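Asker: here are the coordinates; sequence isn't available:
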């Protein structure tokens, strides 16, 4: 198994995210974008998560080497992003954001298949490889804050270009695993989605991602406006990822004991509390620290429990389409709605009210899940056959 070559791809791929998440909205504001325009641009990038996984899956199923799809996506992502150095105005930035976001989000799903192919029966080692993605994220978040304070926010473009180039180069080092296409039984996604608990899961996941909109779009801007140094902002983002990694490790023991449905509910409730802590306590570091530790619940525990629900409600031949539905509709669509709404409301309502609405979205998701999950005794099995 090419452990280090696989790990290098995750390292660079999620290093891109480490540069984008805390600092991209700050860069956009420095380019003269309004809060409304920033929300729109964040939504554009998020919307590519809806289309790109389906497109790359369609292509990956029709070419003999999936790694070729990964390499092409990584190369086009890097080349397209170069246009950001000369882009001016909202529409040019939006066009480049849509293009590089599409190729960025197209690469990972196919690389996951390549990784699992190399692991074979040793799938339990996946976490040891994926962990390097978190290392890359944390490293760029911390180092990026230090660098941008000294070299200026425009340096962010060079950091992103370097991490994208590293993603492409590392993809060239990874060998493919060529195998015969899997033969799947016919199954109806439409039938599976008629199950009340499946709909409750998708609705709750959508609302959870919607609630993250102001966090991903305006958290760094809020902290800078409150006087936090960029190094401190980066450290707070990194703290959240460290908590997330710790939760990933702990869930190996906790999930069998508590059950995925209970962990899913707890993550929704704790997310509501997290947004209230940020909305009302952001001026005080003493409140921000526990809020960032709750990233372990609102992302780490939620994501693991959500994947378990996908396997539950979309079994067998439906699993691939169920994963795409969760990634596209809930992660992509919910994130886009949250980004747009937070951009529209930020200047008018202010940070506190917007994060209160985020908390309301997460708690509404919890209420829907509590109501509809009661019908989860016979999930979607009738869809296959």
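Answerer: That came through fine. Since we're looking at a predicted model, the values are computed, not measured. Numbers count the residues shown, from 1 in each chain.
Asker: can you give me the strands in this structure?
Answerer: Counting by DSSP state E, the chain has no strands at all.
Asker: got the contact list for residue 373?
Answerer: The contact partners of residue 373, by C-beta atoms under 8 Å, 6 or more residues apart in numbering, come to 197, 200-201, 261, 265. Just so you know, the C-beta spots here come from the backbone N, C-alpha and C atoms, and that holds for glycine as well.
Asker: Retrieve the pLDDT associated with the residue nearest to it when sequence neighbours are not counted.
Answerer: Nearest residue to residue 373 in three dimensions, chain neighbours excluded: residue 197, at 5.2 Å (C-beta to C-beta, 6 or more residues apart in numbering). For residue 197, the pLDDT comes out at 88.
Asker: Go ahead and confirm residue 197 touches residue 370.
Answerer: No. The pair residue 197 / residue 370 is not scored as a contact, 11.2 Å apart, by C-beta atoms under 8 Å.
Asker: And the two? Which one has more around it.
Answerer: Per other C-beta atoms under 10 Å, whichever of residue 197 and residue 370 has more neighbours is residue 197, with 22 against 15.
Asker: From residue 264, how far out is the more buried one?
Answerer: Look at residue 197 and residue 264: by C-beta to C-beta, to the nearest Å, they are 11 Å apart.
Asker: Equivalent analysis for residue 172, please.
Answerer: Using C-beta to C-beta, residue 172 is found at 39 Å from residue 264.
Asker: Neighbour count for those two, which is higher?
Answerer: Shown here are residue 172 and residue 264; by other C-beta under 10 Å, residue 264 has more neighbours (25 against 13).
Asker: Can you name the residues that contact the more buried one?
Answerer: 201, 204, 302, 305-306, 308-309, 369.
Asker: Go ahead and flag the most central residue of this structure.
Answerer: residue 331 (6.9 Å; C-alpha atoms, centre = their mean).
Asker: joint contacts of residue 197 and residue 370?
Answerer: By C-beta under 8 Å, 6+ apart, no residue touches both residue 197 and residue 370.
Asker: which residue sits closest to residue 75, ignoring its sequence neighbours?
Answerer: Excluding the flanking residues, the one nearest residue 75 by C-beta to C-beta, 6+ apart is residue 168, at 5.2 Å.
Asker: my read: that neighbour touches residue 76, true?
Answerer: No. Counting by C-beta under 8 Å, residue 168 stays clear of residue 76, with 9.3 Å between them.
Asker: on that earlier part again, same list, the contacts of residue 264, but as JSON lines with neighbour count, pLDDT and distance to residue 163 please.
Answerer: As requested, the contacts of residue 264 are exported to JSON lines (neighbours: other C-beta atoms under 10 Å; pLDDT from 0 to 100; distance: C-beta to C-beta, whole Å):
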{"residue": "201", "neighbour count": "30", "pLDDT": "93", "distance to residue 163": "33"}
{"residue": "204", "neighbour count": "30", "pLDDT": "96", "distance to residue 163": "33"}
{"residue": "302", "neighbour count": "27", "pLDDT": "91", "distance to residue 163": "26"}
{"residue": "305", "neighbour count": "26", "pLDDT": "84", "distance to residue 163": "30"}
{"residue": "306", "neighbour count": "23", "pLDDT": "84", "distance to residue 163": "27"}
{"residue": "308", "neighbour count": "17", "pLDDT": "76", "distance to residue 163": "31"}
{"residue": "309", "neighbour count": "26", "pLDDT": "84", "distance to residue 163": "32"}
{"residue": "369", "neighbour count": "25", "pLDDT": "94", "distance to residue 163": "36"}
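Asker: Alright, that wraps it up for me.
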